[in-house]
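Undergrad: no FASTA, just this:
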């Protein structure tokens, strides 16, 4: 008598093995991409913890003309609760907080100049005086004094993950600024004259600490600013330099 139905066990071992291998490979690739993006941030935080300060080495004195508190009211796109990291950071106006209706002094007559940092192999970077678009140039922010004059020249530049760095791309130009050290030189060429600045302080601040932009007129200062850790907008790296020759 022939059976009504015949049940045959299907061997799924090979399919399960293939699926398992594909899953492990996909997981490994995914973890690799995560580490590719996260490792520079973690390594920077460790480096900053041991080698970079979170505050200036000495208090920044009040300006004779505009106080840090007044600058705090003049430096940001909005005072609303949704300002800060929800903004487009290619716009220099969103890097520090500000309120409204405060006049910003802009009395210098130059429109642009170039900046070089030999230590980082950066040469003749275009600096737009009073500009806003950081994807096209460095920005001389809140211009109140020209290079070589007494005052504080604050220059903003973008950074990114080191893997995305391109020397001539202003979206990544300050990626390796954390590698600069005390005593390194920064050269500004403006109007046919070269001004050499020497780095004397390096530290990290929160975006709310706008005193780094304050004007003081006892010497000629240069302040370089970028976002850290690389690939984020969490903090600001501040590199302070002072004029040595002109």
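TA: Received, thanks. Keep in mind that this is a model prediction, so the values were computed, not measured. Numbers count the residues shown, from 1 in each chain.
Undergrad: Tell me the bridge partners for the residue nearest to residue 122 when sequence neighbours are not counted.
TA: Nearest residue to residue 122, sequence neighbours excluded (C-beta to C-beta, 6 or more residues apart in numbering): residue 116, at 6.1 Å. Every residue, glycine included, has its C-beta placed from N, CA and C. Applying DSSP bridges to residue 116 gives these bridge partners: residue 187.
Undergrad: which SS class is residue 139?
TA: What DSSP: H, G, I helix; E, B strand; the rest coil gives for residue 139 is strand.
Undergrad: give the contact list for it.
TA: 92, 127-128, 130-133, 155-157 (C-beta atoms under 8 Å, 6 or more residues apart in numbering).
Undergrad: wouldn't the residue nearest to residue 122 be in contact with residue 126 here?
TA: No: Residue 116 is beyond contact range of residue 126, at 11.3 Å (criterion: C-beta atoms under 8 Å).
Undergrad: So these two - more neighbours on which side?
TA: residue 116 (18 against 14; other C-beta atoms under 10 Å).
Undergrad: hey, where'd the helices end up in the chain?
TA: Assigned by DSSP state H, the helices in the chain fall at 13-51, 68-72.
Undergrad: one step back: got the contact list for the residue nearest to residue 122?
TA: Residue 116 touches 122-125, 186-189, counting by C-beta under 8 Å, 6+ apart.
Undergrad: Would you mind listing which of those residues are buried?
TA: Neighbour counting with 16 or more other C-beta atoms under 10 Å marks 122, 125, 186-189 as buried within the contacts of residue 116.
Undergrad: So for residue 141, what's the nearest residue that isn't a sequence neighbour?
TA: residue 154 is the one closest to residue 141 (C-beta to C-beta, 6+ apart), at 4.8 Å.
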